[in-house]
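Engineer: just to be clear, the model below is a prediction. Sequence and coordinates:
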Amino acid sequence: MFEMKKACVYTRVSSDEQVKGCSLEEQERMCKAAIESKGWQYVRTFSDPGISGRTMKRPGLQAMIKAIEDREVEAVFIFKLDRLSRKQRDTMAIIEDIMQVNDIDLVSLHETLDTSTPWGRAMIGILSSFNQMESENIQMRTQMGRDAKLKKGGYAGGKPPLGYKAVGGVLSVVPDEAEIVRLIFQLRKEGGTLVGIAEELNRRGYRTKKGYEFKHSAIQNILNNEETYRGHYRYGICNFTENQHEPILKDGE
């Protein structure tokens with residue numbers, strides 16, 4: 001028996017595209033014609049005029065997502081994939097995390113993508129693979145950049161440990177915090193437990209970087225970071241043993 005699905009249209013143009021691109025009206029017209037050619041039922045059009053595709057905070061898009069989750073539509077028609085988003089990861093998130101989860105068919109006229117067909121569903125898998133590969137490439141390039149910075153004696157980024165702040169890409173000592181770090185290692189050397197050290201710091205009025213009382217887990221993290229406090233910065237699997245910043249702990253401490 002022929003299935004008549006409830007289909008909606010999503011259209012979008014940014015401010016720049018309103019002049020040189022395909023208008024909202026033209027996008028809607030072509031999508032409606034495609035819905036009719038399939039013999040499906042047109043429900044409504046969701047539109048975002050003059051809004052960039054680099055943000056997910058679009059009224060029309062969010063209204064369409066709600067309609068999908070409320071089971072008001074069974075298929076989405078768009079003129080081109082980049083109407084959903086200009087960011088590949090956001091496009092794939094919409095397709096994989098919203099449409100596929102809710103069994104929504106997606107038809108993109110420009111890419112001739114139709115997930116109601118076996119070939120269209122296979123294409124989604126291919127797009128997902130490319131998306132994953134791009135994500136891994138970005139991660140690899142980021143890691144390579146941090147490793148290169150470390151080898152030159154710089155700080156790779158992230159939250160500096162207690163006792164330091166990042167200044168010009170290098171760890172710089174924060175005297176008040178360094179005092180706490182030295183006390184922690186001193187108390188540990190004297191046989192203090194993690195809980196006991198935390199209680200002693202709190203009794204003296206010391207606080208973490210965020211202003212909280214110390215807990216045993218925070219003490220453990222500081223003790224595990226001894227290399228850094230001796231001037232040897234470690235990041236991930238990379239261990240750089242040469243002095244790269246001012247140490248808080250001196251020999252014998």
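Structural biologist: Received it, and whenever you're ready, just let me know what you need.

Engineer: for this protein, what spans make up the strands?
Structural biologist: Using DSSP state E, the strands of the chain run over 6-13, 41-49, 75-78, 105-108, 113-114, 164-167, 170-173, 234-235, 238-239.

Engineer: so what pLDDT did residue 69 get?
Structural biologist: Predicted confidence (pLDDT) for residue 69: 95.

Engineer: swap that for residue 225, please
Structural biologist: 87.

Engineer: contact partners for it?
Structural biologist: residue 161 (C-beta atoms under 8 Å, 6 or more residues apart in numbering). Every residue, glycine included, has its C-beta placed from N, CA and C.

Engineer: circling back to that earlier point, arrange the strands of the chain in CSV, one row each, with mean pLDDT and distance to residue 250 as further columns.
Structural biologist: Output for the strands of the chain, formatted as CSV (pLDDT from 0 to 100; distance: least, C-beta to C-beta, whole Å):
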stretch, mean pLDDT, distance to residue 250
strand 6-13, 96, 61
strand 41-49, 96, 60
strand 75-78, 96, 64
strand 105-108, 93, 63
strand 113-114, 88, 64
strand 164-167, 86, 16
strand 170-173, 84, 12
strand 234-235, 60, 19
strand 238-239, 50, 21
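
Engineer: the domain parsing of this protein - what is it?
Structural biologist: Per automatic domain parsing, the structural domains of the chain span 6-134, 153-239.

Engineer: got the CA coordinates for stretch 50-67 in CSV?
Structural biologist: Extracted in CSV, the C-alpha atoms of stretch 50-67 (Å, rounded to 0.1, in the frame of the first residue of the first chain):
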residue,chain,number,x,y,z
GLY,A,50,18.6,36.5,7.2
ILE,A,51,20.2,34.2,9.7
SER,A,52,23.7,32.6,9.4
GLY,A,53,24.0,28.9,9.1
ARG,A,54,26.9,28.9,11.5
THR,A,55,24.6,29.0,14.5
MET,A,56,22.1,26.5,15.7
LYS,A,57,20.1,29.2,17.5
ARG,A,58,17.6,29.7,14.7
PRO,A,59,13.9,30.0,15.4
GLY,A,60,12.8,28.2,12.3
LEU,A,61,15.3,25.3,12.8
GLN,A,62,14.4,24.9,16.5
ALA,A,63,10.7,24.9,15.6
MET,A,64,11.3,22.2,13.0
ILE,A,65,13.3,20.1,15.5
LYS,A,66,10.4,20.4,18.0
ALA,A,67,7.9,19.3,15.3
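
Engineer: and the contacts of that stretch?
Structural biologist: The contact list for stretch 50-67 (C-beta under 8 Å, 6+ apart) reads 8, 10-15, 18, 44, 46-48, 73, 76, 82-87, 90, 94, 98.

Engineer: rerun at 7 Å
Structural biologist: 8, 10, 12-15, 18, 46-48, 73, 76, 82, 85-87, 90, 98 (C-beta atoms under 7 Å, 6 or more residues apart in numbering).

Engineer: would you turn the domains of the chain into CSV with distance to residue 245?
Structural biologist: Shown next, in CSV, are the domains of the chain (distance: least, C-beta to C-beta, whole Å):
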stretch, distance to residue 245
domain 6-134, 34
domain 153-239, 4
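
Engineer: average pLDDT across stretch 199-219?
Structural biologist: 93.

Engineer: ends of it, how far apart?
Structural biologist: 10 Å (C-alpha to C-alpha, to the nearest Å).

Engineer: what does it rub up against?
Structural biologist: With C-beta under 7 Å, 6+ apart, stretch 199-219 has contacts from 162, 180, 184, 187, 194-195, 197-198.

Engineer: ok, stretch 103-120 next?
Structural biologist: Outside stretch 103-120, the residues touching it (C-beta under 7 Å, 6+ apart) are 5, 30-31, 34, 68, 74-81, 95, 99, 121, 123-124.
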